[in-house]
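Participant: What would the 3D arrangement of this be:
(2 chains, ligands or ions: 3)
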Amino acid sequence: MSILNSKVPSGPLSEKWTKHKNDINLVNPANKRNIDVIVVGTGLAGGSAAATLAELGYNVKTFCYQDSPRRAHSIAAQGGINAAKNYQGDGDSTYRLFYDTIKGGDYRSREENVYRLAEVSANIIDQCVAQGVPFAREYGGLLDNRSFGGVLVSRTFYAKGQTGQQLLLGAYSAMNRQINRGKIKSYTRHEMLDLVIVDGKARGIIARDMVTGELERHSAHAVVIATGGYGNVFYLSTNAMGSNVTASWKIHKRGAFFANPCYTQIHPTCIPVSGDHQSKLTLMSESLRNDGRIWVPKKQEDAEAIQQGKLKPVDLAEEDRDYYLERRYPSFGNLVPRDVASRAAKERCDAGFGVNKTGEAVFLDFAAAIMRYGKEVAAVEHIENPSEEKIRELGEKVIETKYGNLFQMYEKIVDENPYKTPMMIYPAVHYTMGGVWVDYNLETTIPGCYCAGEANYSDHGANRLGASALMQGLADGYFVLPYTIGDYLADDIRTGPISTDLPEFAEAEKNIQEQLDKLINNEGSKSVDHFHKRLGKIMWNKVGMSRNEKGLKEAISEIRELREAFWKDVRVPGDYNEVNPELEKAMRVADFLELGELFAIDALHRNESCGGHFREEYQTEEGEALRDDENFMYTAAWEFKGDPGKAVLHKEELNYENIEVKTRSYK
Amino acid sequence: MKLTLKIWRQKNAQTKGNMQTYPIDGIEGDMSFLEMLDVLNTQLIDKGEEPVVFDHDCREGICGTCSLQINGEPHGPDRLITTCQLHMRKFNDGDTIVIEPFRAKAFPVIKDLMVDRSSFERIQQAGGYISVNTSGNTIDANAIPIEKEHADESFNAAACIGCGACVAACKNASAMLFTAAKVSQFALLPQGQVEASRRVLNMVEQMDKEGFGNCTNTGACEIECPKGISLENIARMNREYLSASLKG
Ligand SMILES: Cc1cc2nc3c(=O)[nH]c(=O)nc-3n(C[C@H](O)[C@H](O)[C@H](O)COP(=O)(O)OP(=O)(O)OC[C@H]3O[C@@H](n4cnc5c(N)ncnc54)[C@H](O)[C@@H]3O)c2cc1C
Ligand code: SF4
Ligand code: FES
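Facilitator: Residues are numbered from 1 along each chain as shown, chains lettered A, B, ... in the order given. Ligands and ions are numbered 1, 2, ... in the order given. Below you'll find the predicted structure:
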């Protein structure tokens, strides 16, 4: 028997959440005033949770490392947010969204959580519109939708290419309302460095004020971790420079199990790496695949000519192009899920058909869409016999209104005009499906410690569908966590304030102080980035888009060696009692160096390919992922035992009662 | 590319700062401006010196964290982008580049090029929201049709990233463009009407309290704004303010 208890309520799938909400304990409004909750992270998950908790009456403290809650990396989400509204009348429903998400996740997520997600999704849109989120609209004044990969309906709501920004500003405005009422106290430029456990319950955190450098103790009756994903373990990713695993990793070391660390999403459409100086990678939203066609040359000599700059892509005849996604997956075409699209791009580039200097890029081409839209507009505006020039001009305008900011972003980075020549794209690390294990209530294995948003592992299985992370973050924060946490807090109405003078706080603070001292006084010879980049290389080459046993074993020992070298030889300038970004980075990289090992261990133990986890040993003859449901239909939840290498595996078996488990096919 | 960097160094808010000169070599056109500073910082660390502190996070022009006054212009010479999106191909071999923090009384320097923009936070907290509960017990989203033009304009105002370049660009260090963008986003939507008067009065009052200067319509803010926030928003806010004041 597993020691993991998912606490899924009984009853039919579609009634579980309603029933559960009716069954759980409530805290009366007067008592809520006596209860403090810490929310670490102010992205969509943390920001929305903090706002709702404060609105319900709890005293909330929020923490973020940026100078404003509004700068959390949710701000960067571009393409959109899913919701089963069926506004387009194309057959969408709660069940279909549930089904698509489970299938997209390659049958590795918990059915009941995903169903709940689909169930509350529609309400998110209502909520956001009420808050004044300016979603894209049609001329009739109603909300517009677009399609995303891996689905056959249009259920994605968006605000140009800045959906995350607009949703986060919505959550932030809800927070501001509560800050103004005195119900939220917002700590910015504060980084959580440890969790404090008293009598087996999460009762506070140690945070560092990043301006004064001081360590602070904050207590509460419950702690919510909503600190985002850990993609930066690869050094290069589409995450923000400061995105980190520290909060999740620190609670892991204090007893929270870490689930499926190896499930990472490599996003197919990012701007390719341009050189060694590269500090981050920029995503080109998946929504572009609605209109862009992906191709490489059919002939190797053409690819080489393009690589050497001797041939322009626009000059290559139609019949000499290989629209490989349309060829391999006729029914989903360019809109196959991300993992499938990424692997297909890698396959073509590895075979020598890449199209940039390093041969690590494919084309994303809008020429056909521009002409198609141009003709449409010409017809609507009754322009007779429009010239090709005119059609192109009209079409470019349509593309500009849809994706203007993405095209501008591309042009600024690459210095090429994507209206005139196809974009070059390549897969990059983007999202982490794995994360802190949580039960149905979003509670971790530490009582009173909850986890929401990308930081937890729930809902997306082995692969996340586009536009579903924003949905999950807001579902967790607005609609799930604020209620489930009440069930736990109902026991705390008489506890009274938690003292920060307890020895547990002193012990945690001392630990962190020692780590900071060690780093500052290390007198090593290499910068933090030096180690982070090396870790990234190991991860990308051996634990990246495709993995094998030999590479993973090497990665594990290389990461261990690198970790040792880091502690021996890292140089952190400055002091700890001042603004010190190098020190902040060093603390984060120290945690990445531990997570990286567990990541590789998890990938090594999972002898199958599923979703974003592709093991070369397990594939079909056609190169498609080969799942092993008999042996691996479980969530791997790892328990920390003093060293990442000694982590103990716990399995949560996955049962699908409402969905037929199939081989995923997008052909 | 070989460059000479003149950079503002200041240990903390209490001490005085000064400009220091750093020669740098091997810079490529494909590097972003911040990657150029990364290169400088790695060299400083290797030499045992203190790296230059600057604010940044997303490095794709959306979080509004990065700042920098580059050769006298907030976010540098290019238009409609943030510092993190500026690429070195905009500079020439042999150039001298002067890098300073955003300067404004309401944005005190924290260290080197990092400033404290919490005054912006307080302006938003004063009323930058619609007072609706987040419980989800609201009407269906499509029950409020909104004219596309209004929705789009509201979006354009909401695209402000809160970077503060408008303040840094203004000789009076006025925060009108920022505050107006926030006010406009809600003023253009039916959902925002109910509290419109209170919102504009409270936000403007807070803006004044924070020590931002007056607007004298020079328009420098609009030119330097990386998100193309239009001066029309200021006109709209002035109208809103006037009608709210008249209501008393
Ligand atoms: C470029 C990009 C585009 C994307 N586009 C889409 C899209 O179109 N649709 C979609 O559904 N999803 C998209 N995603 C994914 C989605 O944006 C994220 O998964 C989601 O926003 C994560 O939200 P979050 O609230 O969990 O975390 P985040 O928004 O990352 O917030 C993390 C918060 O935690 C804080 N924090 C972190 N560590 C600490 C610490 N130690 N101490 C204190 N505070 C800390 C940070 O300050 C921040 O406030 C995209 C992601 C990226 C990177
Ligand atoms: S108005 Fe423009 S310049 Fe001012 S804060 Fe907003 S985005 Fe920055
Ligand atoms: S770092 Fe985010 S806008 Fe420049």
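Participant: From now on I want contacts and neighbour counts done on CA atoms only, so please keep to that.
Facilitator: OK.
Participant: and B:Val200, what is it in contact with?
Facilitator: B:127, B:183, B:237, B:240-241, B:244 (C-alpha atoms under 8 Å, 6 or more residues apart in numbering or on different chains).
Participant: what's near enough to touch the spatially closest residue to B:Pro190 that is not a sequence neighbour?
Facilitator: Leaving aside its sequence neighbours, B:Pro190 sits nearest to B:Ile146 (C-alpha to C-alpha, 6 or more residues apart in numbering or on different chains; 7.6 Å). B:Ile146 makes contact with A:137, A:141-142, B:189-190 under the criterion C-alpha under 8 Å, 6+ apart.
Participant: Make sure B:Ile146 is indeed in a helix.
Facilitator: No. Going by DSSP: H, G, I helix; E, B strand; the rest coil, the assignment for B:Ile146 is coil, not a helix.
Participant: Show me how chain B divides into domains.
Facilitator: What the record gives for chain B is the domain set B:3-111, B:117-247, from automatic domain parsing.
Participant: anything in the shortest one near ligand 3?
Facilitator: Which is domain B:3-111. Yes. For domain B:3-111 and ligand 3, the contact criterion (C-alpha under 6 Å from any ligand atom) is met by B:56-66, B:82-84.
Participant: gap between that domain and the chain center?
Facilitator: Chain-centre distance of domain B:3-111: 16 Å, with C-alpha atoms, centre = their mean, to the nearest Å.
Participant: and the end-to-end length of that domain?
Facilitator: 24 Å (C-alpha to C-alpha, to the nearest Å).
Participant: contacting residues around the nearest residue to B:Gly17 once chain neighbours are set aside?
Facilitator: Leaving out its chain neighbours, the residue that sits closest to B:Gly17 by C-alpha to C-alpha, 6+ apart is B:Gln10, at 4.0 Å. B:Gln10 is in contact with B:16-18, B:111-113, counting by C-alpha under 8 Å, 6+ apart.
Participant: related to what we said a few turns ago, I'd like to know which of the contacts of B:Ile146 are buried.
Facilitator: A:137, A:141-142, B:189-190 (16 or more other C-alpha atoms under 10 Å in any protein chain shown).
Participant: returning to what we had before: please pick the buried ones from the contacts of B:Gln10.
Facilitator: For these, buried by 16+ other C-alpha under 10 Å: B:111-113.
Participant: Looking at the residues you listed, which one is closest to ligand 3?
Facilitator: Ligand 3 lies nearest to B:Leu113 out of these, by C-alpha to the nearest ligand atom, at 13.5 Å.
Participant: I'd like to know how many residues surround B:Met114.
Facilitator: 25 (other C-alpha atoms under 10 Å in any protein chain shown).
Participant: Same check on A:Asp439?
Facilitator: Neighbours of A:Asp439 (other C-alpha under 10 Å): 18.
Participant: what's the answer for A:Glu630, then?
Facilitator: 7.
Participant: Same question for A:Glu138.
Facilitator: 15.
Participant: confidence score at the residue nearest to it when sequence neighbours are not counted?
Facilitator: Once flanking residues are discounted, A:Glu138 sits nearest to A:Asp144: 5.5 Å by C-alpha to C-alpha, 6+ apart. pLDDT recorded at A:Asp144 is 94.
Participant: just A:Arg606 next, same as before
Facilitator: pLDDT, read off for A:Arg606, is 98.
Participant: For it, which non-adjacent residue is spatially closest?
Facilitator: A:Phe632 (7.1 Å).
Participant: same deal with A:Thr421?
Facilitator: A:Val314 (6.4 Å).
Participant: re the thing from before, ligand 1: which of the domains of chain B is closest?
Facilitator: With respect to ligand 1, and counting by C-alpha to the nearest ligand atom, the nearest of these is domain B:3-111 at 8.4 Å.
Participant: Show me the contacts of B:Gln10 that map onto helices.
Facilitator: Applying DSSP state H to the contacts of B:Gln10, no entry is found in helices.
Participant: Between the contacts of B:Val200, which sits nearest B:Gly29?
Facilitator: B:Val183 (39.2 Å; C-alpha to C-alpha).
Participant: can you count the residues close to that closest one?
Facilitator: For B:Val183, using other C-alpha under 10 Å, the count is 31.
Participant: swap in B:Asn71?
Facilitator: B:Asn71 has 15 neighbours, counted by other C-alpha under 10 Å.
Participant: so what pLDDT did it get?
Facilitator: 98.
Participant: close to chain A, is stretch B:228-246?
Facilitator: No. Using C-alpha under 8 Å from any C-alpha of the partner chain, stretch B:228-246 never reaches chain A; the gap is at least 11.5 Å.
Participant: mind showing which ranges of the chain have poor pLDDT?
Facilitator: I went with chain A, as the question did not name one. For chain A, applying pLDDT under 70 flags the ranges A:1-2.
Participant: nope, chain B
Facilitator: Low-confidence regions of chain B, defined by pLDDT under 70, span residues B:248.
Participant: cutoff 90 now
Facilitator: By pLDDT under 90, the weakly predicted segments of chain B are B:135-137, B:247-248.
Participant: Now the stretch 501-650 of chain A against ligand 1: closest residue?
Facilitator: A:Arg588 (8.2 Å).
Participant: Where does that residue sit: helix, strand or coil?
Facilitator: helix.
Participant: Tell me the residues of chain B that contact ligand 2?
Facilitator: Within chain B, the positions near ligand 2 by C-alpha under 6 Å from any ligand atom are B:160-166, B:177-178, B:225-227, B:229.
Participant: swap the cut-off to 8 Å and go again
Facilitator: Proximity of chain B to ligand 2, by C-alpha under 8 Å from any ligand atom, involves residues B:64, B:159-167, B:175, B:177-179, B:181, B:221-222, B:224-229.
Participant: Got a PyMOL select line for the buried ones in those residues?
Facilitator: Only the buried entries of the residues of chain B next to ligand 2 go into this PyMOL selection, using 16+ other C-alpha under 10 Å:
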select buried, chain B and resi 64+159+160+161+162+163+164+165+166+167+175+177+178+179+181+221+222+224+225+226+227+228+229
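Participant: check the residues of chain B next to ligand 2 against ligand 1, which are close?
Facilitator: Subset of those in contact with ligand 1: empty, counting by C-alpha under 8 Å from any ligand atom.
Participant: phi, psi of the residue most central in space within chain B?
Facilitator: By C-alpha atoms, centre = their mean, chain B has its centre lying nearest to B:Cys163, at 1.9 Å. Main-chain dihedrals, B:Cys163, degrees, to the nearest 10: phi -80, psi -30.
Participant: just to revisit the earlier point, and the contacts of B:Ile146, which of them are in helices?
Facilitator: Using DSSP H, none of these sit in helices.
Participant: Make CSV out of these and add distance to A:Ala378.
Facilitator: What follows is those, written out as CSV (distance: C-alpha to C-alpha, whole Å):
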residue, distance to A:Ala378
A:Arg137, 22
A:Gly141, 23
A:Leu142, 24
B:Leu189, 32
B:Pro190, 33
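Participant: which ones among those are found in strands?
Facilitator: The strands, defined by DSSP state E, take in nothing from the contacts of B:Ile146.
Participant: Among those, which one sits closest to A:Ser285?
Facilitator: Nearest to A:Ser285 among the contacts of B:Ile146: A:Arg137, at 19.2 Å, using C-alpha to C-alpha.
Participant: closest point of the stretch 151-300 of chain A to ligand 2, which residue?
Facilitator: Closest point on the stretch 151-300 of chain A to ligand 2, by C-alpha to the nearest ligand atom, is A:Gln165, at 12.4 Å.
Participant: And for the residue of the stretch 501-650 of chain A closest to ligand 1, the neighbour number?
Facilitator: 23.
Participant: thinking it is in contact with A:Met241, fair?
Facilitator: No. If you go by C-alpha atoms under 8 Å, A:Arg588 and A:Met241 don't touch, sitting 11.0 Å apart.
Participant: Identify the residues contacting the most centrally placed residue in chain A.
Facilitator: Taking C-alpha atoms, centre = their mean as the criterion, A:Tyr431 is the residue nearest the geometric centre of chain A, at 3.5 Å. Contacts here follow C-alpha under 8 Å, 6+ apart; on that basis A:Tyr431 touches A:229-231, A:264-267, A:454.
Participant: Most neighbours among these, which one?
Facilitator: A:Tyr230 (30 neighbours).
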